[in-house]
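K.L.:
return a 3D structure for these sequence lines:
(2 chains)
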Amino acid sequence: MPGHQDDISSEPAKSAVLHAEGIAKAYGSLLACSDVDFDLRAGEVHALLGENGAGKSTLMKILCGLVRPDRGTVSVHGQPMRLRSPRDAKAAGIGMVSQHFELVDNLTVCENVALGIPWWRPSRLSRLASELADFSSQHSLEVSPHATVRDLPIGLQQRVEIVKALFGGAEILIMDEPTAVLSPVEWTGLQQVIRSLVDDGKSIVFTDHKLHEALAVADRCTVLRRGRKIGTVDASDADEKTLARMMVGRDVSLLSRNTPNTPGDPVLELRSVSTASAAHDANLDDVSFSVHRGEVFGVAGVEGNGQSTLADVLTGLVVLTEGEVLHYASPETSIPGDEKRSATGLIPADRHAVGSAVDRSLRDNLMYRDFATAPLSKRGWLQFGAIDQHCTKLCEQFDIRAPGLHAAFSDLSGGNQQKAVIAREMHNNPELLVAVHPTRGLDVGAIEFVYEVIRTFRGAGGAVALISEELDEILALSDRFVVLFKGRPSEVIRPDGANLTDIGLKMTGASA
Amino acid sequence: MSWQPTRSAAFRPVLASGVALCLALLISAIILVFNDHDLGTVVNAVFQGAYGGTRPAASTLSKLIPIMLCATGWIVAFRVRRINIGLEGQIIAGGLAAGWVGINVEMPWGPAHLLVAVAAGLVGGALYAGIAAWMWARAGASEILTTLMLNLIAIQVLAWVIRGPMQDKGSGFARSESVRDAAQWPEMFAGTALHWDVVGVVALIGLTWLVLARTTLGFRFDMVGANPEMSRHMDVSPTRFGVLALLISGALAGLAGSSRILAGEVTTVSDNFSANYGYDGIVVALLARNSIPGLLPAALLIATLRQGGGALQSRAGVSSEIVLVVQGLIILAVAASVLLEHRWGRQRSAVPVPEAVGQPAGGL
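P.N.:
Predicted coordinates for the structure are as follows:
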């Protein structure tokens, strides 16, 4: 639908359902948004792109009343509005679907929707349920009103959020990173939902890290960089390369395949591994594979199919019920006990819960792996001179940008946090690197850095076990990979000549 | 780029505690004035009671020992984010153990007797904390609840012991015999409450501070406290170090208990010899914001209030319960200041600092 977009730009305020002008917001000395204009046309899907800290979430929060701008105006249907709270935004017909769903897990879909309705009486619940059923089928957003939210897959939970917003009367839908939590199949579903919403006359703004997703569904894309608007382009005129250049300010290349390699001896071997103790994930069921020197071995699949159990197995945190995990230091000998783990670097899935201590300093976070070894400590005493030297070196080597070594880890951007974790885990060249969703939540520039680190490590003869939900990532980085479904691996696949449809089917268990 | 530590952040808690303290004292003053008391007289009475002469001054200073030991114990446990409410019970356990050794064991060489009695106090406190630590490690029982309940058990056991097996049958009172002379700390100044244990205690607290701040053990404690899940992945077992910290915490409280018996004004084991020092220690640690160097001023304040407050009734006609009111206000104000500071901290870091504010766009 790009046809009608060229002629009306002279008076955007009138044709736009949502128009923001000259928005500025500063947090202390940091300009999160500086003089940003933005407009959303009726029936349009508009992607808001930018790196972490580019200001897109601030802009989103201003548009839905969570944050008040220092300067600038927001108008809805040409009418200047003061959005002082999400309630004001809701009254203006703006609905928000946040990245972390605001649903009560143990209530039903219907009850969750009811929570958003003022002056609610429980006696209306059954009537609401039937209204809801009609409403959601009308908008092709089928979801059972009586299902308990906890039992729904992530994609459907997101659908509940959308229904909640629409049922509250939203004409404009603001979605913060809607695809961050979705599997490829669910993403296809969301695309359909977005299209049908637009057909119903809704207008949608969403943020995204993944450019190909934005291009697939958006009519226009607005790119922010360091709080400034770089430009708005029609999706039909844009490609990933130009958008990435707008976001980062230079050319980036992510999806180039690995150069061919000649894998060496195995570093890690899993033989018929099964587990029984996983709490929040599927248990492994007869998993066997080996990772060789100079090789990236990928494990694809949708989260919840045993990936985190596998990561725990690889780092030695889970007791196996069957099978064995063998680490080889050199061709013949396997390392016993604790040493094998010090020879394993881990980039965990959750940087905050597992990878770091966010309220400690950058320095502490850089030394958590090595503090007990010389020269960082001698006979149990920390050597602060050597520690500062070591950490400063890591910051330079891995290009970690921070106000200082004593800066709180939480004050670093996501990209710099991930670099710090990587620096800590990788600087002493481990035998094996276990990388679990290593680029989750990172922006293009930081993703490029992570890819580079993994490729360099592989090139230097390191062995990498890469667990990722991003099929593109698996295809770009790994030499061989398996798809994990309900704890069982598929046969080993090579990225060259891999059949995407077939892989997609394997991820959902409908193996061909 | 220079890597200078930001010093100003380190002073923020000191400032917050100071402001909270002033506020609490101000409210206390208002309460006193509204009850028609002369502030000058009250303040004078407190200071006279606490420092008016060698004996009261020595008494005040001797109160620092159990308060600071317990506060240090709290800090060690809290470094691993374990909440040891059971310091009071651990004082009792340590005091009972030290007292039993001091009364019943006979040693050929005097100083050895004292050493063994002190060691018994340490071990007693550690073992008593160990019960809660064990229940936590084995079954995940919250140490907040178990240590609190163990306090009540300790009080009852003490009451039984000094009326039963350890009772001084000759006196007929509910108390034990006196500890043998060899097992008592010598007085520092004759006729005062200050004994030589103060030197050892100060050294031990200093050592604890060094261990926490400068050794890999202290770093492991802090690491577990900061993120147990991460520690697990770094081969630092949250369970093992949680238990160890609780044991050390209990040992310090047990040592406080041993000093109550072996360097006390009375050298018998009796009801209430722990005298709420375990709880005062928590207050002091809170006031010092869990910093060991901050313990001295905080402990001095509480010790002064405790010692000087006793004289309020007689000297200024003010009910000595006012001291409890002041203490309560201090706790409230400090707790509020911690919350406020957290909120400021969150607002400050609500937005991640982007990689390059005012930096050239190189590298990334």
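K.L.:
how far does stretch B:49-63 sit from its chain's centre?
P.N.:
Chain-centre distance of stretch B:49-63: 19 Å, with Cα atoms, centre = their mean, to the nearest Å.
K.L.:
repeat that for stretch A:27-40.
P.N.:
For stretch A:27-40 - counting by Cα atoms, centre = their mean - the centre lies 23 Å from the chain centre.
K.L.:
which helices and strands sit right next to the helix or strand bottoming out on mean pLDDT in chain B?
P.N.:
Within chain B, no helix or strand scores below helix B:322-348, which has a mean of 77 by mean pLDDT, DSSP states H and E. Here helix B:322-348 touches helix B:7-34, helix B:277-287, helix B:295-309, going by 3 or more Cβ pairs under 8 Å, 6 or more residues apart in numbering or on different chains; DSSP states H and E. C-betas here are computed from N, CA, C, even on glycine.
K.L.:
may I see the buried residues of the first one?
P.N.:
Along helix B:7-34, the positions that meet the burial threshold by neighbour count (16 or more other Cβ atoms under 10 Å in any protein chain shown) are B:13, B:16-17, B:20-21, B:23-25, B:27-28, B:32.
K.L.:
cool, and stretch B:98-109?
P.N.:
B:98-103, B:107.
K.L.:
so which of the residues you listed belong to helices?
P.N.:
Counting by DSSP state H, the buried residues of stretch B:98-109 place B:98-103 in helices.
K.L.:
turn those into a markdown table, columns for distance to chain A and pLDDT.
P.N.:
Listed next are those as a markdown table, based on distance: Cβ to the nearest Cβ, whole Å; pLDDT from 0 to 100:
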| residue | distance to chain A | pLDDT |
| --- | --- | --- |
| B:Ala98 | 29 | 96 |
| B:Gly99 | 35 | 94 |
| B:Trp100 | 34 | 95 |
| B:Val101 | 31 | 95 |
| B:Gly102 | 34 | 92 |
| B:Ile103 | 38 | 92 |
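K.L.:
and which of the residues you listed is nearest to B:Leu312?
P.N.:
Closest approach to B:Leu312 among these (Cβ to Cβ): B:Gly99, at 31.5 Å.
K.L.:
pLDDT below threshold where in chain B?
P.N.:
Applying pLDDT under 70 to chain B flags residues B:1-10, B:343-364.
K.L.:
pull up the residues of the stretch 251-400 of chain A that are close to chain B.
P.N.:
A:315, A:317, A:338, A:341-342, A:346, A:348, A:353-360, A:364, A:368-369, A:371-372, A:377, A:380-382, A:384, A:388, A:391-392, A:395, A:399 (Cβ under 8 Å from any Cβ of the partner chain).
K.L.:
thought A:Arg71 was touching A:Ile23?
P.N.:
Yes: counting by Cβ atoms under 8 Å, A:Arg71 touches A:Ile23, with 7.2 Å between them.
K.L.:
which of the two has more neighbours?
P.N.:
Between A:Arg71 and A:Ile23, A:Ile23 has the larger neighbour count (other Cβ atoms under 10 Å in any protein chain shown), namely 25 against 13.
K.L.:
which SS class is that one?
P.N.:
Under the three-state scheme (DSSP: H, G, I helix; E, B strand; the rest coil), A:Ile23 adopts strand.
K.L.:
over to the one 3 residues further on?
P.N.:
Here A:Ala26 takes the strand state, with states given by three-state DSSP.
K.L.:
give me every residue that touches it.
P.N.:
Neighbour list for A:Ala26: A:32, A:70 [criterion: Cβ atoms under 8 Å, 6 or more residues apart in numbering or on different chains].
K.L.:
show me what it is bridged to.
P.N.:
With DSSP bridges applied, A:Ala26 shows beta-bridge pairing to A:Leu31.
K.L.:
how about the one 10 residues further on?
P.N.:
Taking DSSP bridges as the rule, A:Val36 bridges to A:Ile23.
K.L.:
wait, what's in contact with it?
P.N.:
A:20, A:22-24, A:55, A:59, A:72, A:224, A:227-229.
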